[in-house]
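A.B. asks: Output the structure for:
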Amino acid sequence: MTTSWYKYTLGDLCSFQAGGAFPRAEQGHVSGNYPFIKVSDMTLPANSKRIVEANNWVSSDTAERMRLKLVPAGAVAFAKIGEGLKAERLRQITRPTAMDNNMMAAVPKPGKVDEHFLQYLIESLHIASWAQGSALPYLSQGVLSEIPVRTPGLSEQCIIAAILGSLDDKIESNRRAISLSENLARALFSKLFDLEPVENGVALSDLMIVNSRHRLYKGNRATYVGMSSLPEFSSEIYHWEQREFGSGQRFVNGDVLMARITPCLENGKTAVVDMLGQGEVGWGSTEYIVLSPSGLFSTSWIYCLLRDERIRNYAIRSMTGTSGRQRFQADRFQQYKISMPRDETLKEFNSISEPLFHKMTQLRNENCNLAALRDALLPELLSGRIQVPTEERFLP
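C.D. replies: Sure, this is the predicted structure:
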């Protein structure tokens, strides 16, 4: 079935609304009538596609006093300057929302474009490539408004958005399941294990293998994981790269990576290695510690240990080095001693946590495949090279 596509400028389909100043004195409120979002709010786990949470809120009285121009529900928000712009994160606004002056929103014009289709259309444009300035790239409303686009009629827009949206919704559903599973495992860990330090206890370094030197020879190409792409179950889908092995940490599936440098350690950046092939050895940054399971002290036990606030606070207090470049040294695990966990308790924890972690890996692998399908479909659907029917026909 052939359908018509029409030539427009982006400004024909939507208007652009820039954010405004957000005085520090008005920040920090965790409740209110309207969210006041910053670029950092787009990275909150719940906001992977739509803005549903915010770190700052304002009341109706505050909004009126500040003369805030709220962005309506259905608009598409994005960073308009700097590193945030380069990331090209797009989030749909779900309720009237205020934005700070580093952000901008595309507001769909009624009857011109479906609000969900608009988000995918803007994604297909790679808006960072339309930025001005070199040292500090920025987007202007004038440039955005003049970007040439082609779109089908509203009915086909809705079908295209529904196809891509179904994939995004499944990815988001999997992310929520991953987050819930992790939270369950960590809650069980906190209930079963006493991490209070004791003088005559067992050192943490005796409960797991620290920085085991897996065999990987110089010149071999292997999966590389840098600090910036250190994976976490509940965050983004990462794309690993193959690099010729140099100097760096080595790890295999089942190991746990713990960031040891500021600010990654303070942020609790910890990851389970589960992306490698059978028998494969990966390598990466020297700025994380590799911890391997030992006996009944499983991968899930180590992960939950490192994500525990008491252990993280101990690691933060133990950091050494100059301001801004402080590090936690692996040998400090010898100094933290706890009561030896009972075998029965470890077995109980592993019987519940290990299946949860296995399911988390399955869900993330499924998300990788769904994301690859979505990313392959998006340019084909948004260019019209793959057409969708605008009505269903049934044979008698």
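A.B. asks: can you give me the helices in the stretch 151-300 of the chain?
C.D. replies: 154-192, 299-307 (DSSP state H, counting those that start in this stretch).
A.B. asks: orientation of the shortest one relative to helix 154-192 in degrees?
C.D. replies: Helix 299-307 and helix 154-192 are oriented at 90 degrees to each other (axes from the mean of the first three to the mean of the last three Cα atoms, to 10 degrees).
A.B. asks: pLDDT below threshold where in this protein?
C.D. replies: For the chain, the stretches with pLDDT under 70 are 1-3, 217-219, 229-239, 390-396.
A.B. asks: again, only using 80
C.D. replies: The model of the chain has pLDDT under 80 over residues 1-3, 45, 134, 213-220, 227-240, 246-247, 323-324, 389-396.
A.B. asks: which helix of it spans the most residues?
C.D. replies: helix 343-383 (DSSP state H).
A.B. asks: most tightly surrounded among the helices of the stretch 151-300 of the chain?
C.D. replies: For those, the largest average neighbour count (mean count of other Cβ atoms under 10 Å) is found in helix 299-307, namely a mean of 24. Where you see a C-beta, it was placed from the backbone N, CA and C, and this is true even at glycine.
A.B. asks: helices and strands around it, which ones?
C.D. replies: helix 154-192, strand 256-259, strand 270-272, helix 343-383 (3 or more Cβ pairs under 8 Å, 6 or more residues apart in numbering; DSSP states H and E).
A.B. asks: can you list the ones you listed in a markdown table and add distance to S129?
C.D. replies: Shown next, in a markdown table, are these (distance: least, Cβ to Cβ, whole Å):
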| stretch | distance to S129 |
| --- | --- |
| helix 154-192 | 21 |
| strand 256-259 | 32 |
| strand 270-272 | 31 |
| helix 343-383 | 14 |
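A.B. asks: roughly how far apart are W57 and L90?
C.D. replies: In this view, W57 and L90 are 22 Å apart by Cβ to Cβ, to the nearest Å.
A.B. asks: do the same with D308
C.D. replies: Taking Cβ to Cβ, one finds D308 at 35 Å from L90.
A.B. asks: still on that earlier bit, tell me which of the helices and strands packed on helix 299-307 approaches Q326 most closely.
C.D. replies: strand 256-259 (11.9 Å; Cβ to Cβ).
A.B. asks: Can you give me every residue that contacts E366?
C.D. replies: Each residue near E366 by Cβ atoms under 8 Å, 6 or more residues apart in numbering is listed here: N174.
A.B. asks: Tell me the spacing between it and R50.
C.D. replies: 21 Å.
A.B. asks: End to end on stretch 280-288, go ahead and measure it.
C.D. replies: Stretch 280-288 stretches 19 Å from its first residue to its last (Cα to Cα, to the nearest Å).
A.B. asks: Give the buried residues for it.
C.D. replies: 281-285, 287-288 (16 or more other Cβ atoms under 10 Å).
A.B. asks: any chance of those residues in CSV, plus distance to I127?
C.D. replies: Shown next, in CSV, are these (distance: Cβ to Cβ, whole Å):
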residue, distance to I127
V281, 39
G282, 34
W283, 35
G284, 31
S285, 31
E287, 32
Y288, 33
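A.B. asks: and which of those residues is nearest to N174?
C.D. replies: Comparing the buried residues of stretch 280-288 against N174 with Cβ to Cβ picks out G282 as the nearest, at 23.4 Å.
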